[in-house]
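**Q** what would the 3D arrangement of this be:
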Amino acid sequence: MQNHSFILAAGTALGTLIVSSFAQSPSSDLPKSPPSQAPSLDPVVISASKVPQKLEDVGSSISLIERKDLDRNQTRRLQDAFHLVPGTVLVPSGQTGATAAPILRGANPNQTQVVVDGVRISDANIYPDVFIGGEQIGLVQSIEVLRGPQGALYGGESIGGVINLTAPRGSGTPASSVDLLAGSFGTFGSQLTSGGQLESFGYSLSAGWNTTANDRPHNDFSNLFQAVRLDLPLSDTSTATLTFRNAQRSYQSPGTIFENDPDNIEEEEFLLLTASIDSRLTGRWNTKLVTGWLQQDLGFIAPPGPASIVDHRKLVFDWRHTLTWNDFLTTLIGTGYETRDMTNTGYGSVTAADALVSLYTEQTLTPIDHLTLTAGGRWESYRSIGEALTWRGTAAYHLPQSGTTFRSSTGSGFRAPSFFELYARNPFFTGNPGLQPETSLGWDAGIAQDIGEIGTLALTWFDNDISKLIVTDFLAVPLSVVNLQSASNTGVEAEFTGSWQDRFHYRFAYTYLQAEDADTGQRLLRRPKHTLGFDANTLVRNRLTLGLGGQLIQDRLDLDPVSFATITGNSYFLGRAYGSLQITRNVQAHFTVENLFNQPYEVIAGFPGRGLGAFGGIKLTF
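**A** Below you'll find the model as predicted:
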């Protein structure tokens, strides 16, 4: 329930801090005023092609959110970052801790791939919604979202795009921080972060705990998480990197407002281990070997029936080589191997295993100055479903005099059938071993324009057609699944990012989406036609940061939770306010107010979101 006394106390305390900070002259132990300067226009190096590129040379539609931006706007949950990414909608199945399904350019959540520390953690059986719904912004250096089919480099389950998270590399003098948080809905949290370099050894780590009772009865969530990255030079030309991520989560799931079940509990234990060796063999030949082990154990407790368990195991190998032939041609070539195992004791009762081998390549060509072309393809062979081929091409042309970049890309993608869809067996449902992969063909074209020294505006027109969608066959007895439907997703994305004088930072994202069944013309569920997200913050007198943000969702369809009839989903606007005050060089107070206008809303009909809530805390650095 909403804690108004806490909100009043937090507001009073914040007001006292602000007034006292302006009443005092700046102390010598506070950070010095940064010099007035234009924002850095240096291009950002990213991995859209798994080859380092300047942002202006990337033909794919991509958004990058850096850790400094997440810290500045007080983002602590992974899912809260995506409202600032065009073409992206998160659909949580409840309040904090519930699964949060990503929809990229209208594609189904299981058609989006999540890559963490170089390993693709989602696949046909491991949906990304569990990870995104529970993950905190712990050991995350940046969030990169590639939109459109990315099968040529990333393989299956990348029809909508790819979400890429990386852990920061420790460097510089070791430093640590402890962040303590408390607030509405019985929310408490703590997080330790540390990183730096000891001689040639780099490290970064994060560990924490958070809990909340949410805004409904029997809706508690708790999360214990740890993450570590270690970097060790093996020689002057070779570096080894190890990462470890672990989380234990528990979520009381009351269901819809018509159920309010007091007994349902969803539990998860997540473990990801990766190891990589990055080597420069010659001046023109680089190689990187990545291995990973993923373990996800899910438990579903729903008395009076027995608990059900879904356990996933995945082993990943990826070995790629980058050959720079000359100043205008670079070749990427790689191979991969994965094993996947699942045990499901619940509905469908599936125990299955699969393995796949892949080969991929991409050529990057710069035939003239400022024009970058890429072309690539991937072959994957599954033990379960056979072979799949995907391809992709991009173009980027940058005009440095005007700060204009033209981009375009086209490519294909696929999603393999899940073990459940292939092999499930019970009295009410039977799988279909003859299923084929879902496939897609998409393209986009856009322009990005630097606007003086205040930021960059990007506009993109996209289309993504998906075929052989796997749907339920209601005429079969028992029920089964078939490749039947097709979907057409088209729209426009707009993004504006920038800063002024390094004191005023802003980000804006808008998407117009027309997502429909290509056979019937009916709109697809839970795909809003209009999505708008924004954030703006300013630095006041060098130690006070204040910001406002929000998300608007408008014009969408949903299902009635009782009759299952198609209904018009509610439109809503969720505002937020936040800030931080640097009390001393090592002490920072911070606050956030979520759902600023106490807007009633349901992202999924029957699952109400949280009301107005205020949260505050202290961050200590040392």
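**Q** going forward, measure contacts and count neighbours with C-alpha atoms only.
**A** Will do.
**Q** what ranges do the helices span in this protein?
**A** Assigned by DSSP state H, the chain shows helices spanning 4-23, 67-72, 128-134, 151-154, 419-423.
**Q** which stretch in those helices is the model least sure about?
**A** Note on the helices of the chain: lowest mean pLDDT is at helix 4-23, with a mean of 35.
**Q** end to end, how far does stretch 154-167 reach?
**A** For stretch 154-167, the first-to-last residue distance is 19 Å (C-alpha to C-alpha, to the nearest Å).
**Q** swap in stretch 155-167?
**A** With C-alpha to C-alpha as the measure, stretch 155-167 spans 22 Å from end to end.
**Q** same check on stretch 125-137?
**A** In stretch 125-137, first residue to last residue: 24 Å (C-alpha to C-alpha).
**Q** for that stretch, buried residues please.
**A** 125-137 (16 or more other C-alpha atoms under 10 Å).
**Q** which other residues reach stretch 344-356?
**A** The list of residues contacting stretch 344-356 from outside it, by C-alpha atoms under 8 Å, 6 or more residues apart in numbering, reads 307-311, 337-343, 380-384, 419-420, 423-426, 429-430.
**Q** ok, stretch 87-103 next?
**A** By C-alpha under 8 Å, 6+ apart, stretch 87-103 touches 79, 82-83, 104-106, 108-109, 112, 128-134, 147, 160, 212, 214-215, 219, 221-222, 250-251, 253, 493, 510-511, 513, 526-527, 531, 603-604, 607-610.
**Q** and Asp473, bridged to which residues?
**A** Ser480 (DSSP bridges).
**Q** that one and Ser563, how far apart?
**A** 20 Å.
**Q** the more surrounded of those two?
**A** Neighbours of Asp473 and Ser563, each counted by other C-alpha atoms under 10 Å, are more numerous for Asp473; the result is 15 against 7.
**Q** I'd say Met342 and Asp311 touch.
**A** Yes. Look at Met342 against Asp311 with C-alpha atoms under 8 Å: they come within range, at 5.5 Å.
**Q** burial measure for Gly491, as a count.
**A** Neighbours of Gly491 (other C-alpha under 10 Å): 20.
**Q** which residues touch it?
**A** Arg105, Trp461, Phe462, Asp463, Thr511, Tyr512, Leu513, Gln514.
**Q** thought the last one was touching Asn489?
**A** It stands for Gln514. Yes. Using C-alpha under 8 Å, Gln514 is in contact with Asn489, at 5.8 Å.
**Q** give me phi/psi at the residue lying closest to Pro262 once chain neighbours are set aside?
**A** Distances taken as C-alpha to C-alpha, 6 or more residues apart in numbering place His218 nearest to Pro262, at 5.4 Å, with adjacent residues excluded. For His218, the backbone dihedrals (degrees, to the nearest 10) come out as phi 60, psi 50.
**Q** so who does His218 touch?
**A** Gln252, Ser253, Pro254, Asn260, Asp261, Pro262, Asp263.
**Q** what is the burial count for Pro433?
**A** The local packing of Pro433 (other C-alpha under 10 Å) involves 17 other residues.
**Q** for it, what are phi and psi?
**A** According to degrees, to the nearest 10, Pro433 has phi -70, psi -10.
**Q** would you mind measuring from it to Ile385?
**A** 9 Å.
**Q** what does Phe188 give?
**A** Distance from Phe188 to Ile385, by C-alpha to C-alpha: 46 Å.
**Q** quick revisit: let me have the buried residues of stretch 125-137 in JSON lines, extended by distance to Asp71.
**A** As requested, these are exported to JSON lines (distance: C-alpha to C-alpha, whole Å):
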{"residue": "Asn125", "distance to Asp71": "33"}
{"residue": "Ile126", "distance to Asp71": "29"}
{"residue": "Tyr127", "distance to Asp71": "27"}
{"residue": "Pro128", "distance to Asp71": "24"}
{"residue": "Asp129", "distance to Asp71": "23"}
{"residue": "Val130", "distance to Asp71": "23"}
{"residue": "Phe131", "distance to Asp71": "21"}
{"residue": "Ile132", "distance to Asp71": "18"}
{"residue": "Gly133", "distance to Asp71": "19"}
{"residue": "Gly134", "distance to Asp71": "18"}
{"residue": "Glu135", "distance to Asp71": "16"}
{"residue": "Gln136", "distance to Asp71": "12"}
{"residue": "Ile137", "distance to Asp71": "9"}
